[in-house]
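J.: sequence and computational prediction follow.
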Amino acid sequence: MKTLKKNWSPQTKDLSFLSEGESYTIEFKESADKSLASEVCAFANASGGRLFIGVNDSGKILGTDTSNLARSRIQDTINQIEPRLAV
């Protein structure tokens with residue numbers, strides 16, 4: 001199982017994990033669709049992980065809407081999970 005370095009952040013620009021693909025702790029989603037809540041919930045019930053929106057299953061960065069409205073929709077979706085998660 002591949003794990004992501006704990007000190008990873010978008011500022012590091014180290015995207016080598018993309019070529020390693022999805023794993024137990026890494027999930028790629030092309031968009032924030034209706035399965036987002038169940039995938040976040042699965043990570044919360046396991047040992048955690050990172051979900052990257054705007055990346056396809058092959059690890060190619062497609063990009064995604066980062067407007068305030070899109071971010072609010074993602075937060076609203078995650079806030080529907082009980083018990084609540086910190087977002």
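T.: Perfect, thanks for sending it.

J.: from what I see, residue 64 and residue 33 are in contact.
T.: No. With contact defined as CB atoms under 8 Å, residue 64 does not count as touching residue 33 (11.1 Å). C-beta: built from backbone N, CA, C; applies to glycine.

J.: out of those two, which sits in the busier spot?
T.: Taking other CB atoms under 10 Å, residue 64 and residue 33 do not tie; residue 64 has more neighbours (16 against 11).

J.: and the nearest residue to that one once chain neighbours are set aside, how far from residue 84?
T.: What sits nearest to residue 64 in space, not counting adjacent residues and going by CB to CB, 6 or more residues apart in numbering, is residue 54, at 3.3 Å. The gap separating residue 54 from residue 84 is 25 Å, by CB to CB, to the nearest Å.

J.: so how far is residue 47 from residue 18?
T.: From residue 18 to residue 47 the distance is 21 Å (CB to CB).
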